[in-house]
Each structure stands twice: as structure tokens, then as C-alpha cells.
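Enquirer: Following is a predicted model, sequence given first.
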Amino acid sequence: MKKFMTISTAVLAGAAVTGTSVMADSHDSESSGTAMFTADLSPDQETADVESDASGMAEFELNEDQTEVTYTVEAESLTGVTMAHIHSGAEGEDGPVEVGLFDTDEAEDIDGELASGTFGEDDLAGDMDWDGLLEAMTNEGLYVNVHTEEYPDGEIRGQIMAHDMEEGMDNGMNNHDDADNNHDDADNNHDDNNAMNDHDDSDNGYADNGNDWDEEGNEMAQTSTNGPLFTMIGLLAATAGGAMMFFRRRPQQQ
């Protein structure tokens with residue numbers, strides 16, 4: 001018993017340390033001060049008519065000091081790519097280039113990562129200063145545009161939007177609550193199954209008792225059936241005994 005208690009204590013202690021570590025990592029991520037932005041790229045967001053099956057996604061992360069942005073741009077089914085930029089402008093409006101993301105001397109077919117890297121204030125290519133760029137990015141005033149040989153003005157485009165970290169955290173908490181509810185349901189089902197098994201055992205015990213009763217009943221029935229025979233044998237024995245006594249007491253004739 002002591003050994004079992006020692007092992008259980010060690011397991012609980014390890015779980016507590018692990019949980020503390022995970023909570024610390026989560027807290028560090030939440031308090032890091034970075035900001036996330038995304039842009040879904042599609043042909044139907046271009047201001048001109050574009051017939052294409054291409055699509056893409058761009059992700060941006062602003063560092064804690066708000067001095068650099070790390071980015072990744074991916075695309076699917078995109079042929080003859082020549083350039084990709086961040087433009088200033090609201091949804092449905094064309095605007096000037098503010099930051100270059102991709103440029104090549106020879107057009108490329110892309111089905112995966114198109115570009116990745118980091119840009120800062122020194123990489124600005126338009127009239128916006130760094131603070132203006134960050135403000136526009138926060139207020140959906142920038143968009144990503146990918147240019148191709150077939151569509152020089154852009155084949156896929158997407159507005160840059162702030163990624164809602166609180167919503168992600170809420171979803172995570174909801175998923176955690178759902179997991180707890182599922183765990184509780186599983187425990188309840190387990191208890192119900194145990195109750196059903198106990199009920200079945202009780203029924204089986206009742207059936208066994210019934211069988212014993214039937215066996216006793218059969219024995220009683222057998223005893224009742226043989227009763228008259230035993231009674232007759234007893235009467236015959238009594239008669240024979242009485243006759244013997246009679247003849248033994250009868251005086252002998254001289």
C-alpha cells in the first residue's frame with residue numbers, strides 16, 4: 001500500500017509540474033506582445049475581371065518592438081508569377097505599392113510557398129512611413145496582390161486583417177470545456193454501464209434462486225408422489241408385526 005501511495009504521489013507531482021510548465025508557456029506566448037495578421041488571396045477580390053482557379057494565403061507577425069514584420073505567402077495553382085506586393089488601399093480599391101514581397105526576372109509557377117522573409121522601415125517602397133503602415137495594417141487599409149504574366153495587374157488578392165487572438169483563446173477554452181464535458185459524459189456512461197451490470201447480476205441471482213426453488217419443488221413433488229407407496233409399506237409392516245405378536249401370545253393347546 002505504501003508503495004502504491006508513493007507511486008501515485010510521484011505521478012500527481014509530475015502532472016502538476018507539467019501543467020505548470022504548459023501554463024507558463026501559454027502565459028509567455030500571450031504576453032509576448034506580438035501581433036498576427038492574415039490575408040486570404042483569391043481572384044474575385046481583384047478589381048478587374050479574373051478567371052483563375054488560383055488561391056493563396058499570407059501571414060504576417062509584428063514583433064514585440066513593432067520594428068519588423070515576418071511574413072509568409074503561399075499560393076496554389078498559380079502560373080507565371082512575376083511579383084507580389086503589399087499595396088495600400090481599402091477593399092475594392094486599387095492603391096500604390098508599399099512593400100515588395102516577391103520579385104523575379106523569370107516568371108515562376110507556384111504551388112506552395114511563394115515568398116517568406118522579414119521587412120522593416122528601411123524596406124518601405126511607397127510614401128507611407130512605418131507608423132502609417134502599421135496603422136493601415138491594423139485598420140484593414142493594406143492588401144496583398146500577386147501579379148502574373150497573364151494578369152499583370154494582379155491575379156489573386158486579399159485584404160490584410162488582424163488575427164483575433166482573443167477569439168482563438170476563447171475557442172481554445174471552449175474546446176477545453178467540450179473535452180471536460182465529454183469526459184464527464186464518459187464517466188456517466190461508465191457508471192450507467194456498471195449499474196446495468198449490477199442489475200443483470202441481480203437478475204441472474206434471482207434466476208439462480210428460482211432454479212434452486214424449482215429443484216426443491218421437484219424434490220418436494222417427488223416426495224409427495226412416493227408418499228402413498230411408503231404409507232402402504234408402513235401399514236403392511238404394522239399388520240405383520242401385529243400378527244406376530246398375536247401368535248406369540250396365543251397359548252399352546254395341551
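Expert: In hand now; what should we look at?

Enquirer: Now do S77 against M83, distance only.
Expert: When C-beta to C-beta, to the nearest Å is the yardstick, S77 and M83 sit 18 Å from each other. C-beta: built from backbone N, CA, C; applies to glycine.

Enquirer: meant to ask about D53, not that
Expert: According to C-beta to C-beta, D53 and M83 sit 20 Å apart.

Enquirer: Show me the shaky parts of the stretch 151-254 of the chain.
Expert: Scanning the stretch 151-254 of the chain for pLDDT under 70 picks out 164-254.

Enquirer: how about 90 then?
Expert: Scanning the stretch 151-254 of the chain for pLDDT under 90 picks out 163-254.

Enquirer: returning to what we had before: from the neighbour counts alone, determine which of D53 and M83 ranks first.
Expert: M83 (18 against 8; other C-beta atoms under 10 Å).

Enquirer: Excluding sequence neighbours, find me the nearest residue to the more buried one.
Expert: Of all residues not flanking M83 in the chain, H147 sits nearest, at 4.4 Å (C-beta to C-beta, 6 or more residues apart in numbering).

Enquirer: tell me the contacts of L101?
Expert: 58, 71, 73, 84-86, 115, 117, 119, 144 (C-beta atoms under 8 Å, 6 or more residues apart in numbering).

Enquirer: Just give me the neighbour total for the residue lying closest to it once chain neighbours are set aside.
Expert: Nearest residue to L101, sequence neighbours excluded (C-beta to C-beta, 6+ apart): A84, at 4.4 Å. Look at A84: counted by other C-beta under 10 Å, it has 27 neighbours.

Enquirer: Pull the contacting residues for A84.
Expert: Contacts of A84 by C-beta under 8 Å, 6+ apart are 73, 100-103, 114-115, 144-147.

Enquirer: can you give me the mean pLDDT across the helix or strand containing F60?
Expert: Element membership for F60 (DSSP states H and E) is strand 55-62. In this model, strand 55-62 has an average pLDDT of 98.

Enquirer: one step back: any of the contacts of L101 buried? List them.
Expert: Buried by 16 or more other C-beta atoms under 10 Å: 58, 71, 73, 84-86, 115, 119, 144, out of the contacts of L101.

Enquirer: Sort out which of those are in strands and list them.
Expert: Among those, the subset assigned to strands under DSSP state E consists of 58, 71, 73, 84-86, 115, 119, 144.

Enquirer: and which of those residues is nearest to Q159?
Expert: V144 (8.2 Å; C-beta to C-beta).

Enquirer: that older thread, turn the contacts of L101 into TSV, including distance to A107.
Expert: Shown next, in TSV, are these (distance: C-beta to C-beta, whole Å):
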residue	distance to A107
A58	20
Y71	21
V73	16
A84	12
H85	16
I86	20
A115	14
G117	20
F119	23
V144	18
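
Enquirer: Show me where the stretch 1-150 of the chain has its helices.
Expert: With DSSP state H, counting those that start in this stretch, the ranges of helices along the stretch 1-150 of the chain come out as 2-30, 130-138.

Enquirer: hey, where'd the strands end up in the stretch 51-200 of the chain?
Expert: 55-62, 68-88, 97-120, 142-148, 156-159, 161-162 (DSSP state E, counting those that start in this stretch).

Enquirer: how about these in JSON lines, adding distance to W130?
Expert: Shown next, in JSON lines, are these (distance: least, C-beta to C-beta, whole Å):
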{"stretch": "strand 55-62", "distance to W130": "11"}
{"stretch": "strand 68-88", "distance to W130": "10"}
{"stretch": "strand 97-120", "distance to W130": "7"}
{"stretch": "strand 142-148", "distance to W130": "13"}
{"stretch": "strand 156-159", "distance to W130": "20"}
{"stretch": "strand 161-162", "distance to W130": "17"}
